[in-house]
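Engineer: From the sequence below, what's the structure:
(2 chains)
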Protein chains: 2
Amino acid sequence: MKIYLDCIPCFMQQALRAGRMATSDEKKLKQILDETGDMIKNISPQATPAETGMIVYKIVKDITGNNDPYKDIKKQHLKETKSIYPELEKIVAESDDKLLTAIKIAIAGNIIDLGVNKSFNIVEDVKHILKQDFAIFDYNAFKKQLEKTTNILYIGDNVGESIFDKILIKELKKPVKYAVRSIPIINDVTIEDAIASGLDEVAELIDSGCKSPGVILNQSSAEFLKLFNKSEFIISKGQGNFEGLSDCNKQVFFLLKAKCPVISNHLEVKEGSIILKEHLPNID
Amino acid sequence: MKIYLDCIPCFMQQALRAGRMATSDEKKLKQILDETGDMIKNISPQATPAETGMIVYKIVKDITGNNDPYKDIKKQHLKETKSIYPELEKIVAESDDKLLTAIKIAIAGNIIDLGVNKSFNIVEDVKHILKQDFAIFDYNAFKKQLEKTTNILYIGDNVGESIFDKILIKELKKPVKYAVRSIPIINDVTIEDAIASGLDEVAELIDSGCKSPGVILNQSSAEFLKLFNKSEFIISKGQGNFEGLSDCNKQVFFLLKAKCPVISNHLEVKEGSIILKEHLPNID
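Structural biologist: Numbers count the residues shown, from 1 in each chain, chains lettered A, B, ... in the order given. As a prediction, the model looks like this:
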């Protein structure tokens, strides 16, 4: 998905929000906004929001010297989500369609997104999403592909959400490789966070090579790209990965909540919708 | 009021919103965002939001060649507000405290602000505000000063709101000079709009000399500044004029609705509050 004009003011908001996580020095915050503003003219119309997001968060890091502004809040989210994990497992175990319930829980985890300017309440939002209907629901295709596949590539998104991914991965009942970001970016899941989430117990952890808040194939490691291309079943979580992969030439199942007006307009759904979307490769 | 860091992403949003009122050419819209982004590093920490707003809207004008992007919507707001004018006059006539009701109506008109990213429904919002309590309520000081004064300077804000101002001006029952912007800026009231609002029937119309979305004294005409300094009773409408005049060395009564987080934090009130605030001159 290419960048929309509406993403640009949002980058300024993200720069200020991330800046404030890293420092309270008003001069540095102004400098972050100055440099983000300066960068706008260099945004290519072909860039994805995730690519530009990477530049914004690099500006924050360079100016504040803080490589992981969201460190404390990620820890807090892990603690909160771990505390409700047994309850989530119980909900799945007691449901009629365990796979579907686990998918919904994995999407519910996608509310834990600090790149989007929305407040959230983990427990309440999960309960709400469990009752919510999908705006795009390619569940049959998902089940069909899951049945056929011998391997799964699961592209993770945010910390905390990662705990919810564990629930779904256990329900997939196939070997899963779980891909993470290469460095801390917003509250996105890294190898370290994936281990802290207990994902190493249910999946093989893979570094995507990406430093952006969303996988971008031409910035991934050669190893990840090879894996991506040969994967039979790809699950992509969240908006950032959707932005990076929505035009790729592979079948991908996108699980996300449409949390901003740009993404919801792009998908032609209402803001707040939950999505299970099969993306098909281009026909050459 | 000096600019806050949170105003900066808001300028980008305003640039895009105003740009879209003036053109649908995506390249020009991107250019507007590029130039607004570029301008951020030149914002002085001493600038008021209204001063910077003036630069943003000038960028939109220069790139699109459209000097009055809000022309059509201003006409529409005038039509809508004129149609409810008789009803508003009736509400005042039937109320126990006619002056206070007219003040509330004048503040209700302040919802018609296209610089702020909020949707509004004129009739519904007026009804709501008539029932709403003030968060800051210097009504006694207002009445006392009104009683003493022989002249009033009333600084207008938006078109449509201007119709509501007429109601209050009639209730003031003293000679009123009504100050307007020098050129079209957002949907702010100019001489032409003031005449179309019928304000020339109840007040003497004065060009402030300001080209910003809010009066800024050091950018006003010498004539307006002289008038401002000798006025015995000054009423300032809306956020933009508040931003420009909140540190001035004169008694000013600010009538506004706090419509954005920056203004409401500055005033230490909840967003959406209605305000009748007496500002006092500095003691030298």
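Engineer: From here on, just use CA atoms for contacts and neighbour counts.
Structural biologist: Will do.
Engineer: Buried residues in stretch A:170-189, which are they?
Structural biologist: With burial defined by 16 or more other CA atoms under 10 Å in any protein chain shown, the residues of stretch A:170-189 counted as buried are A:170-172, A:174-189.
Engineer: repeat for stretch A:258-275
Structural biologist: For stretch A:258-275, by 16+ other CA under 10 Å, it's A:258-264, A:267, A:269, A:271-275.
Engineer: Alpha carbons of it, as CSV, please.
Structural biologist: Output in CSV follows, covering the C-alpha atoms of stretch A:258-275 (Å, rounded to 0.1, in the frame of the first residue of the first chain):
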residue,chain,number,x,y,z
ALA,A,258,-8.5,-1.3,10.7
LYS,A,259,-7.5,1.4,13.2
CYS,A,260,-7.0,4.5,11.2
PRO,A,261,-9.0,6.3,8.5
VAL,A,262,-6.4,5.7,5.8
ILE,A,263,-6.4,1.9,6.2
SER,A,264,-10.1,1.6,6.6
ASN,A,265,-10.7,3.7,3.4
HIS,A,266,-8.2,1.6,1.6
LEU,A,267,-9.9,-1.6,2.6
GLU,A,268,-13.3,0.0,2.1
VAL,A,269,-14.4,-0.9,5.6
LYS,A,270,-15.5,1.1,8.6
GLU,A,271,-12.8,2.3,11.1
GLY,A,272,-12.5,-0.3,13.9
SER,A,273,-13.4,-3.2,11.6
ILE,A,274,-11.8,-6.6,12.0
ILE,A,275,-10.3,-8.2,9.0
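Engineer: coming back round to it: which of the buried residues of stretch A:170-189 fall in helices?
Structural biologist: A:170-172 (DSSP state H).
Engineer: Export these as TSV, with columns for pLDDT.
Structural biologist: Formatted as TSV, these follow (pLDDT from 0 to 100):
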residue	pLDDT
A:Lys170	98
A:Glu171	98
A:Leu172	98
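Engineer: show me the residues around A:Ala15 that make contact.
Structural biologist: A:32-33, A:36, A:56-57, A:60 (CA atoms under 8 Å, 6 or more residues apart in numbering or on different chains).
Engineer: and the residues you listed, which two are the farthest apart?
Structural biologist: A:Leu33 and A:Tyr57 (11.4 Å; CA to CA).
Engineer: residues in chain A within reach of chain B, list them.
Structural biologist: A:5-6, A:8-10, A:12-13, A:16, A:29-31, A:33-41 (CA under 8 Å from any CA of the partner chain).
Engineer: Is there a neighbour count for A:Gln132? I'd like the number.
Structural biologist: Neighbours of A:Gln132 under the rule other CA atoms under 10 Å in any protein chain shown: 12.
Engineer: Not counting sequence-adjacent ones, nearest residue to it?
Structural biologist: Leaving out its chain neighbours, the residue that sits closest to A:Gln132 by CA to CA, 6 or more residues apart in numbering or on different chains is A:Ile274, at 7.7 Å.
Engineer: is it true that that neighbour touches A:Lys131?
Structural biologist: No: using CA atoms under 8 Å, A:Ile274 is not in contact with A:Lys131, being 11.0 Å away.
Engineer: What residue spans form the domains of chain A?
Structural biologist: Domain assignment of chain A by automatic domain parsing yields the ranges A:7-64, A:71-279.
Engineer: Show residues contacting the lowest-mean-pLDDT helix or strand in chain A.
Structural biologist: One helix or strand of chain A scores below all others by mean pLDDT, DSSP states H and E: helix A:122-131, with a mean of 83. With CA under 8 Å, 6+ apart as the test, helix A:122-131 has contacts from A:81, A:84, A:101, A:104-105, A:108-109, A:111-112, A:274.
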